[in-house]
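A.B. asks: got a predicted structure here, sequence first:
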Amino acid sequence: MRITRIRLGRISVPLRVPFKTALRSVDSVEDVVVEVHTDAGTIGYGEAPPTGVITGDTTGAIVGAVQDHIGRAILDRDVDDLEDLLQRVQRSIVHNTSAKAAVDMALWDLYGQLHHIPVYKLLGGARKCIVTDITISVNPPEEMARDARDAIGRGYDCLKVKVGANPALDVERLSAVRRAVGDDVCIRIDANQAWRPREAVRILNAMQEKGLAIEFVEQPVKAQDIDGLRYVTEHSDVPVLADESVFSPEDAMRIMQTRAADLINIKLMKCGGLTNALKIASAAEVYGVECMIGCMLEAKISVNAAVELACAKRIITKVDLDGPVLCSEDPILGGAVFREKEITVSDEPGLGIRGVEPGRIAYID
Ligand SMILES: C[C@H](N)C(=O)N[C@@H](CCC(=O)O)C(=O)O
Ligand SMILES: [Mg+2]
């Protein structure tokens, strides 16, 4: 099975409500779709979101990286030479992890199709169903309490609450959310790098004193401030999960070896795809560090690839794959079934994606 063509397109999917974090505010998912075509008539699907504030990747950069570098490195080659292809993707250009992730997952998709096996089984096949949290955007406290109540009404029992936009409000925000949902709901928080280390410890301690029962805090301080991250890990009773501080497997190793965080958030868009995500998961198994599988604001093609990984590996104990359920519609055909918090992986060969609804993709030819 030879790779004959790489086709790119853009999709736009409106969100139910604006997505707001300490880093950005957006109304829709605007992603690049990658199709890797073969001479057997099969297509491998990938997707990449332009999350410039986290990965540095813009739409233009993703398109340019695939067209001018990554695509050229795999064109005319045999899908069965998977190991070589995956290495070619990673070596074709530095950085550009979202573009690499999109092509990497498309290659795993084709390899699974070639050998008639779903990717989650190829990678380990630990389970068929996972349960995701849902994100509550950072807003004034009463608005967040209302959004949290709505999420519980939709059946969610774990909330990922965004904080950090005006940190003086954060304890009040969490108090309002906890009051609104009661004690049985799991609440994790994500500061998206907004706090300074000592400020983080002060806020987390205040939340603990108020009995707000925070499961863990995600990325309390700047991505590059590993000493600051370790300071929060050592001085707060709330477990710390490293997100923006961990892109590569090397980053993950450094964090685990120096105990700078208690948990790691694996995202395909940060590490460059399933191939490096597997390395992070293996390193985490060695260190006994539980992982979360996360996503950017993404539609279902790329989140579906993350579902396959989560269903393959038991070291992934926490799931933040709410991209598709934050959207007001789903134009992607096939893949995992998202029934609000319950996600069931596809048993089709490869990643199980059948394409994008007609008229919903704008091809870049
Ligand atoms: C969508 C997911 N729940 C999430 O919060 N992901 C990121 C932010 C993604 C983005 O800005 O697109 C995170 O920080 O965990
Ligand atoms: Mg995060």
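C.D. replies: Thanks, I have the structure now. Ligands and ions are numbered 1, 2, ... in the order given.
A.B. asks: CA only for contacts and neighbour counts going forward, please
C.D. replies: Fine.
A.B. asks: give the helix, strand or coil label for residue 6.
C.D. replies: strand (DSSP: H, G, I helix; E, B strand; the rest coil).
A.B. asks: kindly apply the preceding question to residue 216 instead.
C.D. replies: strand.
A.B. asks: torsion angles phi and psi at the nearest residue to it once chain neighbours are set aside?
C.D. replies: Excluding the flanking residues, the one nearest residue 216 by C-alpha to C-alpha, 6 or more residues apart in numbering is residue 239, at 4.7 Å. The phi/psi pair for residue 239 (degrees, to the nearest 10) reads phi -60, psi 150.
A.B. asks: what's the answer for residue 20, then?
C.D. replies: Backbone geometry at residue 20, expressed as degrees, to the nearest 10, gives phi -130, psi 130.
A.B. asks: ok, back up a step: per-residue confidence at the residue nearest to residue 216?
C.D. replies: The model reports residue 239 with a pLDDT of 98.
A.B. asks: report the contact partners of the residue in the stretch 101-250 of the chain that ligand 1 sits nearest to.
C.D. replies: Distances between the stretch 101-250 of the chain and ligand 1 by C-alpha to the nearest ligand atom are smallest at residue 135, namely 5.1 Å. By C-alpha atoms under 8 Å, 6 or more residues apart in numbering, the contact set of residue 135 is 159-162, 322.
A.B. asks: longest single helix anywhere in this structure?
C.D. replies: helix 97-114 (DSSP state H).
A.B. asks: for ligand 1, what are the nearby residues on the stretch 251-365 of the chain?
C.D. replies: 295-297, 320, 322-323 (C-alpha under 6 Å from any ligand atom).
A.B. asks: output the contacts of residue 135 in CSV; the columns should cover neighbour count.
C.D. replies: Shown next, in CSV, are the contacts of residue 135 (neighbours: other C-alpha atoms under 10 Å):
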residue, neighbour count
159, 22
160, 23
161, 25
162, 26
322, 26
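A.B. asks: which secondary structure elements does the longest helix of the chain contact?
C.D. replies: Contact analysis of helix 97-114 by 3 or more C-alpha pairs under 8 Å, 6 or more residues apart in numbering; DSSP states H and E lists strand 25-38, strand 43-48, helix 59-65, helix 82-91, helix 119-122, helix 268-271, helix 274-287, helix 300-312 as its packing neighbours.
A.B. asks: pull the distance from that helix to the chain's centre.
C.D. replies: Helix 97-114 sits 16 Å away from the centroid of its parent chain (C-alpha atoms, centre = their mean, to the nearest Å).
A.B. asks: tell me the mean pLDDT over that helix?
C.D. replies: So the average pLDDT for helix 97-114 ends up being 99.
A.B. asks: how about it, does it get close to ligand 1?
C.D. replies: No. Helix 97-114 lies out of reach of ligand 1 by C-alpha under 6 Å from any ligand atom, never closer than 11.9 Å.
A.B. asks: next, the angle from that helix to helix 82-91.
C.D. replies: 170 degrees (axes from the mean of the first three to the mean of the last three C-alpha atoms, to 10 degrees).
A.B. asks: could I get helix 97-114 in CSV with only the CA atoms?
C.D. replies: Extracted in CSV, the C-alpha atoms of helix 97-114 (Å, rounded to 0.1, in the frame of the first residue of the first chain):
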residue,chain,number,x,y,z
THR,A,97,3.9,19.1,16.8
SER,A,98,0.3,19.6,15.8
ALA,A,99,1.1,19.0,12.1
LYS,A,100,3.2,16.0,13.0
ALA,A,101,0.4,14.6,15.2
ALA,A,102,-2.1,14.9,12.3
VAL,A,103,0.1,13.0,9.9
ASP,A,104,1.3,10.5,12.5
MET,A,105,-2.3,9.5,13.4
ALA,A,106,-3.2,9.2,9.7
LEU,A,107,-0.3,6.7,9.3
TRP,A,108,-1.4,4.6,12.3
ASP,A,109,-4.9,4.7,10.7
LEU,A,110,-3.7,3.4,7.4
TYR,A,111,-1.5,0.7,9.1
GLY,A,112,-4.5,-0.5,11.1
GLN,A,113,-6.6,-0.6,7.9
LEU,A,114,-3.9,-2.5,6.1
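A.B. asks: distance of the closest residue to residue 45 other than its chain neighbours from residue 2?
C.D. replies: Using C-alpha to C-alpha, 6+ apart and skipping the chain neighbours, the partner closest in space to residue 45 is residue 106 (4.5 Å). As judged by C-alpha to C-alpha, to the nearest Å, residue 106 and residue 2 stand 14 Å apart.
A.B. asks: ditto for residue 117
C.D. replies: Separation of residue 117 from residue 2 (C-alpha to C-alpha): 19 Å.
A.B. asks: try residue 127
C.D. replies: Relative to residue 2, residue 127 is positioned 32 Å away (criterion: C-alpha to C-alpha).
A.B. asks: pull the number of nearby residues for residue 182.
C.D. replies: 11 (other C-alpha atoms under 10 Å).
A.B. asks: so residue 307 touches residue 336, yeah?
C.D. replies: Yes. Between residue 307 and residue 336 there is a contact under C-alpha atoms under 8 Å: 7.4 Å.
A.B. asks: model confidence for residue 324, exactly?
C.D. replies: On pLDDT, residue 324 comes in at 98.
A.B. asks: what helix or strand is it located in?
C.D. replies: Residue 324 belongs to helix 323-326 when elements are defined using DSSP states H and E.
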